[in-house]
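> Quick one, fold the following:
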Amino acid sequence: MSEPYLLYSGCLIPTRLPYLERSSRFVLDKIGIEYEPFPDATCCVEPIGLRSLGYDTWLAVAGRLLSIAEKRRSRVLTLCNGCYLSLKEAEHALLDQKVREKVNQILEPTGHRYEGNAKVEHFVQLVHRIGEKRWTEMAIEPQSRLSFAVHPGCHMVRPSQITQIDNPYSTHVIEDLAKWSGAKVVHSDEWPRCCGGGLTGIDDRISSAILNDNIVKFREAGANAILTPCPFCFVQFDLKQKDDVPVLYLAELLALALGAGADEIGLKYHRIKIQMR
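Numbering: from 1, shown residues only. Presented below is the predicted three-dimensional model:
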């Protein structure tokens, strides 16, 4: 029997987008994955803005989370690109014994210790590993009405030597899953673009320009929806665009293909509603 997963939802999904976790759990249940909620979870320390304010703090917080998974002999399953990158980079950094001992000194008063054995996976890796044959067999409701612009997000593919999910120059994993779910893919960047969300609150003008540039290209390609595995990108596309191109989180598409109803997975909570018929 393989190791069970600890489902790490991060901060954004539980606080603002709980329906994305609902669709993720629906998929995991349908494909028979053993998992449980991550116990005593904290923020992963977001890997761009927050980490830059305190590298040692980030590594200690991430090390604590990895130590919990290690102690329970479980793998960490993330639903968020940012969380995946933060924990994956920490996993990589803590392979260095000197770095690990420094972190363990910080963790000692909390009763945690990390030995370097935890494994972190993204939801995307898990569902793609199932393969085309099984997915097409399980997709009882092929989503053929949808023509997607695929947006993998930055932190799923870069830095590629750490994330190791997809080719950073010509991504295919999200496109594969869309097609295996019966949908069409009409736009997929050779070099995945930023959604602009990282500049929100720093330079909203540039953030909006990046977002709008993406939407223009999606529309020109003939997309009637956007597909992303990243909740941060999901917020950017659903709440901040002005062109009303609906967006689906990857797990929502997979859940629909596996027979979930729209209300069952909370599609009514999207600002931009997707046409189900």
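
> Local confidence estimate at Ser188?
Here the pLDDT value assigned to Ser188 is 87.

> a strand runs through Phe87, doesn't it?
No, residue 87 isn't Phe; it's Leu. No - counting by DSSP: H, G, I helix; E, B strand; the rest coil, Leu87 is not part of a strand but helix.

> Sketch out the strands for the stretch 51-200 of the chain, chain order is fine.
Here the stretch 51-200 of the chain has its strands, by DSSP state E, counting those that start in this stretch, at 75-78, 120-122, 147-150, 184-188.

> so what's the closest residue in space to Leu107 that isn't next to it in sequence up against?
Once flanking residues are discounted, Leu107 sits nearest to Arg64: 5.8 Å by C-beta to C-beta, 6 or more residues apart in numbering. No exception for glycine: its C-beta is placed from N, CA and C like everyone else's. For Arg64, the contacting residues are Thr42, Leu107, Thr110, His112, Tyr114, by C-beta atoms under 8 Å, 6 or more residues apart in numbering.

> okay, and the helix or strand of this structure with the least pLDDT?
Scoring the helices and strands of the chain by mean pLDDT, DSSP states H and E places helix 160-163 at the bottom, with a mean of 69.

> how near is the most centrally placed residue in the chain to Leu256?
Nearest to the geometric centre of the chain sits Cys80, at 3.1 Å (C-alpha atoms, centre = their mean). Here the criterion is C-beta to C-beta, to the nearest Å. By it, Cys80 lies 20 Å from Leu256.

> thinking again about what came up before, how near is the residue nearest to Leu107 to Tyr114?
From Arg64 to Tyr114 the distance is 8 Å (C-beta to C-beta).

> follow-up on the earlier one: give the contact list for the residue nearest to the centre of the chain.
By C-beta under 8 Å, 6+ apart, the residues touching Cys80 are Ser9, Gly10, Leu12, Ile13, Cys230, Pro231, Phe232.

> go again using 7 Å as the cut-off
Residues in contact with Cys80, defined by C-beta atoms under 7 Å, 6 or more residues apart in numbering, are Gly10, Leu12, Ile13, Cys230, Pro231.

> so what pLDDT did it get?
pLDDT, Cys80: 95.

> got it, and Cys194?
Cys194 is given a pLDDT of 89.

> Now for the residue nearest to it when sequence neighbours are not counted, how many residues are close by?
With sequence-adjacent residues excluded and distances taken as C-beta to C-beta, 6+ apart, Cys194 is closest to Cys154, at 5.5 Å. By other C-beta atoms under 10 Å, the residues close to Cys154 number 22.
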